[in-house]
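A.B. asks: Okay, predicted coordinates and the sequence, questions at the end:
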Amino acid sequence: MPQEKKGSGISTLLEVVRELEKERDSRIWCMVHRGRGHICGPTMYALYSGRDGIGKGKKVELLLHSPGGHPQIAYKAMKFFRSRFKEVNVIVPLLAKSSATLMCLGADRIFMGELAELGPIDIQIDDPVIHGEKSFSPIDEFKSIEFMREQAIEWIQFYAVVMHREYGMSIKEALKDSVPLVSGLMRPLFEQIEPLEMGGNRRSLAIAEEYANRMLELSGNENARSIVRQFVWEYPSHDFCIDFEEAKKHGLPVERLTETQDRRLTKAIIQLGKEDSYHGFPPPPSSRATKRGKVHKAGAQPKNPTRGRVNGHDNRGPEERVQA
């Protein structure tokens, strides 16, 4: 495993985290992903291999910088920390999207930097046969049906008004004639819907809903129902920016990261290598980074170009086809 080399991006980040541990009077466990890094196997491996050093206590803080990954691993990781510490806070200097946002839902307090953002947690699915390289959200299908329903009602109203005003028909007769007309227009569209596929997509979205509910139960958030609805269903895209004000509006326990801490962490993260990832507590300055933490190079992971992607990243098994 790579060592914490003096002057490297990882070394700089860990030095900043060590300083913050003293300032914040808390140990800080890092989950930092650059490039293709994401919440996946190495995340759980870091917990499995380092659990004796993680220990138990009153408080721990998680430094999150990640595009997301697998929801089941995000859930297991946060539940692991919640079972060992009375208070679990999250620090987000820049971004904690998708499954990283899911982890934030289980935190007691979320400290966000000035430029920090969370994101929607709707499940993303890979289907290279139909959709090519780009992941898609099952919500697209449900939103399309919702639009067609609204469009059908609008068309019925429009044709009924035209028939009533232009041809003197009664409202009852106008509506009666409008229904088959609109049905004829909408039927070819609705006939393209595959019930089994739609049912499977609904179950995929239920994954996000269920994990989100369980996370919010861990943190005791009273706004759980509205938060789950908003974060799974209501945003127009998976990349939508949920900043501090937006998160606060929906009842998340967000607080501002101090300006000095924000600037130091942001600078250190930006200076990381393009494929650097790190899991764990920062080791003592004279120790190897691999004694208490794990440095991962995304390029060193097993390559399998025939498999799909997770949030834009390769190297996943068939059982990981569905992810947030």
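C.D. replies: Okay, I see it. Residues are numbered from 1 along each chain as shown.
A.B. asks: Just the strands from the stretch 101-250 of the chain, written as ranges.
C.D. replies: For the stretch 101-250 of the chain, strands defined by DSSP state E, counting those that start in this stretch occupy the ranges 109-112, 117-118, 124-125.
A.B. asks: Would you reformat these as a markdown table and include mean pLDDT and mean neighbour count?
C.D. replies: Bear in mind the C-beta positions are built from the backbone N, C-alpha and C, glycine included. Formatted as a markdown table, the strands of the stretch 101-250 of the chain follow (pLDDT from 0 to 100; neighbours: other CB atoms under 10 Å):
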| stretch | mean pLDDT | mean neighbour count |
| --- | --- | --- |
| strand 109-112 | 98 | 23 |
| strand 117-118 | 98 | 24 |
| strand 124-125 | 72 | 22 |
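A.B. asks: Residue 33: which of the ones you listed is closest?
C.D. replies: Residue 33 sits nearest to strand 117-118 of all the strands of the stretch 101-250 of the chain, at 15.0 Å, using CB to CB.
A.B. asks: gap between the closest one and the chain center?
C.D. replies: 9 Å (CA atoms, centre = their mean, to the nearest Å).
A.B. asks: Who are the packing partners of it?
C.D. replies: If contacts are counted by 3 or more CB pairs under 8 Å, 6 or more residues apart in numbering; DSSP states H and E, strand 117-118 sits against strand 95-96, helix 99-104.
A.B. asks: winner for burial among the ones you listed?
C.D. replies: For the helices and strands packed on strand 117-118, average neighbour numbers computed from mean count of other CB atoms under 10 Å are highest in helix 99-104, which has a mean of 30.
A.B. asks: Give me the contact list for that helix.
C.D. replies: 31, 38-39, 62, 64, 66-71, 73-75, 77-78, 90, 92, 96, 110, 118-121, 208, 211-212, 215, 231, 242, 252, 323-324 (CB atoms under 8 Å, 6 or more residues apart in numbering).
A.B. asks: Buried among those residues? Make that a ChimeraX selection.
C.D. replies: The buried residues among the contacts of helix 99-104 can be selected in ChimeraX (16 or more other CB atoms under 10 Å) with this line:
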select :31,38,39,62,64,66,67,68,69,70,71,73,74,75,77,78,90,92,96,110,118,119,120,121,208,211,212,215,231,242,252,323,324
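A.B. asks: out of the contacts of helix 99-104, which are inside helices?
C.D. replies: In helices, judged by DSSP state H, the following of those are found: 71, 73, 74, 75, 77, 78, 208, 211, 212, 215.
A.B. asks: what's the closest of those residues to residue 202?
C.D. replies: Using CB to CB, residue 208 comes nearest to residue 202 of the ones in helices among the contacts of helix 99-104, at 11.3 Å.
A.B. asks: pretty sure that closest one is touching residue 72, no?
C.D. replies: No. If you go by CB atoms under 8 Å, residue 208 and residue 72 don't touch, sitting 11.1 Å apart.
A.B. asks: Tell me how the protein divides into domains.
C.D. replies: Structurally, the chain divides into domains by automatic domain parsing as follows: 9-129+199-323, 149-191.
A.B. asks: Of all these, which one is nearest residue 141?
C.D. replies: Of the domains of the chain, nearest to residue 141 by CB to CB is domain 9-129+199-323, at 5.7 Å.
A.B. asks: ranges for the helices of this structure?
C.D. replies: Using DSSP H, the helices of the chain run over residues 9-24, 41-54, 71-84, 99-104, 128-131, 139-167, 171-190, 195-219, 224-229, 244-249, 259-270, 289-292.
A.B. asks: Tell me how many other residues crowd residue 89.
C.D. replies: Using other CB atoms under 10 Å, residue 89 has 20 other residues around it.
A.B. asks: Can you verify my assumption that it contacts residue 109?
C.D. replies: Yes. Contact criterion CB under 8 Å: residue 89 and residue 109 qualify, at 4.4 Å.
A.B. asks: what ranges of the stretch 151-300 of the chain fall below the confidence cut-off?
C.D. replies: Along the stretch 151-300 of the chain, the model assigns pLDDT under 70 to residues 286-300.
A.B. asks: residues in contact with the most centrally placed residue in the chain?
C.D. replies: Centroid-nearest residue in the chain, with CA atoms, centre = their mean: residue 98, separated by 0.9 Å. Applying CB under 8 Å, 6+ apart, we find residue 98 in contact with 67, 68, 69, 119, 120, 121, 124, 238, 311, 324.
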